[in-house]
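Asker: got a predicted structure here, sequence first:
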Amino acid sequence: MPFMHSGIRLLAAGLLLQIGSTVFSQDSIPVQIDGKSIFIQPIKEFITLKVAQTTDQENFSVHTDDTKYRINPNTSSITTISANYSFISLSFRFAPSFLPGNRDNSEKGKTRSGGMALNFYLDHWLQELSYHRTKGYYLENTSDFNPGWQEGDAYFQIPDLYYRNFQGMTAYKFNRNFSLNALATQSERQLKSAGSFIPQFLYRYYIIDDRTRLINPNQSSQRSNNLELLVGAGYYYNLVLKRNFYVAMGITPGAGMLFMNLTTRNGSGDKIRTRQQDPIFRIDSRAGIGYNGERFFGGLYATAFAASYKQENAQVVNGNARIVFKLFVGYRIPAPSVIKEKVANLTNRLNKTLKR
């Protein structure tokens with residue numbers, strides 16, 4: 001399982017980063033001196049607008065003893081536009097067809113992709129909610145099944161393969177000197193280096209549905225409804241080089257269960273339904289560099305991701321392993337007074353609720 005081997009290497013590297021960052025961590029210094037934070041500068045008067053270009057797109061890998069399938073969408077680049085104020089972040093994602101890597105439809109078929117996310121970054125708590133969908137995939141290793149295939153030929157295409165993902169994550173930040181907002185939404189600035197242990201609970205429901213039209217009884221298609229529940233524990237560190245420049249790193253290994261309902265359809269109209277539950281393992285390792293000034297900010301992040309599970313009562317291993325890059329730039333504009341008042345009232349209510 002090459003994706004698990006890469007995950008093990010990521011884990012080892014991440015542990016070294018964690019040990020190093022712990023040595024240089026300043027978590028023991030008081031959070032406030034003379035009523036002012038020496039670690040975090042909130043940016044309460046501005047709305048943060050950001051545009052990002054990322055390679056984050058869902059692909060699939062299925063391994064058996066004799067066969068391997070690598071199924072990818074025809075979108076090498078995703079655009080994300082987001083607006084952040086205080087602890088609230090709203091973003092939308094789409095795949096512009098005019099960008100290189102998104103428009104070779106004759107070879108890889110047409111892919112449509114989009115989604116949105118709503119995130120809340122509180123003092124200690126992090127809550128992320130997102131939805132995205134993709135239609136249209138192709139078999140990346142077509143040459144394994146067609147010996148005559150050459151570069152430039154059309155790949156085997158699955159235009160009616162749909163993927164829909166509903167995902168949430170709840171996490172807790174132990175060290176309040178460490179700012180998640182400085183890395184995720186840029187609605188704060190990290191003034192001094194800090195790190196934090198962050199346990200998290202990841203939950204997602206996703207559907208993979210091959211809606212290819214079946215024209216004879218020998219053809220078949222499948223739909224899987226999946227519920228994934230994982231618990232992870234990670235460590236993140238933000239190394240501030242100067243007042244505006246930083247290097248961020250972190251790792252989160254996790255484990256949980258995957259509950260799957262699988263429906264197999266044939267051309268005669270018959271359906272076979274099966275259920276299974278399998279243990280699943282996942283690891284995320286992240287690193288990035290950035291500039292976070294008073295108004296302008298930008299950065300480049302990389303996330304190495306690996307997950308796998310073995311199907312119940314079968315020799316089939318499903319996996320997903322990739323490296324995602326994200327390049328972003330943004331600018332802060334003054335927030336209207338009506339937004340300040342609304343968010344301030346909401347913040348007070350949330351703080352009272354969490355203190356109960």
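Answerer: Yep, it's here.
Asker: so which strand or helix has the residue nearest to S86 when sequence neighbours are not counted?
Answerer: Computed as CB to CB, 6 or more residues apart in numbering, the closest residue to S86 that is not its neighbour in sequence is V343, at 4.8 Å. In this view, the C-beta of every residue, glycine as well, is placed from N, C-alpha and C. Using DSSP states H and E, V343 maps to helix 337-355.
Asker: so which elements touch that helix?
Answerer: Using 3 or more CB pairs under 8 Å, 6 or more residues apart in numbering; DSSP states H and E as the contact criterion, no helix or strand is in contact with helix 337-355.
Asker: contacts only, for the residue nearest to S86.
Answerer: By CB atoms under 8 Å, 6 or more residues apart in numbering, the residues touching V343 are 85-88.
Asker: top of these by neighbour count?
Answerer: Among those, S86 has the most neighbours (other CB atoms under 10 Å), with 25 neighbours.
Asker: am I right that it is in contact with K44?
Answerer: Yes: contact criterion CB atoms under 8 Å: S86 and K44 qualify, at 6.5 Å.
Asker: if we can go back for a sec, quick check: the residue nearest to S86 vs G293, distance?
Answerer: V343 sits 23 Å away from G293, going by CB to CB, to the nearest Å.
Asker: please apply the same query to N226.
Answerer: 42 Å.
Asker: again with K342
Answerer: Plainly put, K342 is 27 Å away from G293 if you go by CB to CB.
Asker: before we move on, what about Q186?
Answerer: 10 Å.
Asker: cool, G114 as well?
Answerer: From G114 to G293 the distance is 31 Å (CB to CB).
Asker: one more: A194?
Answerer: 19 Å.
Asker: got it, and F197?
Answerer: With distances taken as CB to CB, F197 is found 29 Å from G293.
Asker: for N225, same thing?
Answerer: Separation of N225 from G293 (CB to CB) stands at 46 Å.
Asker: next one: G254
Answerer: 34 Å.
Asker: so E107, which of the three states?
Answerer: Classification of E107 using DSSP: H, G, I helix; E, B strand; the rest coil returns helix.
Asker: quickly find the element holding the residue nearest to it when sequence neighbours are not counted.
Answerer: In this structure, E107 finds its nearest non-sequential neighbour in A154, 5.3 Å apart by CB to CB, 6+ apart. Counting by DSSP H and E, no helix or strand carries A154.
Asker: look up how far S113 lies from A154.
Answerer: 20 Å.
Asker: now do Y155
Answerer: Counting by CB to CB - Y155 and S113 are separated by 17 Å.
Asker: quick one: pLDDT of A13?
Answerer: A13 carries a pLDDT value of 38.
Asker: now swap in the one 10 residues further on and tell me
Answerer: For V23, the model assigns a pLDDT of 33.
Asker: what kind of secondary structure is the residue nearest to the spatial centre of the chain in?
Answerer: Residue closest to the mean C-alpha point of the chain, counted by CA atoms, centre = their mean, is D56 at 7.1 Å. Following three-state DSSP, the label given to D56 is coil.
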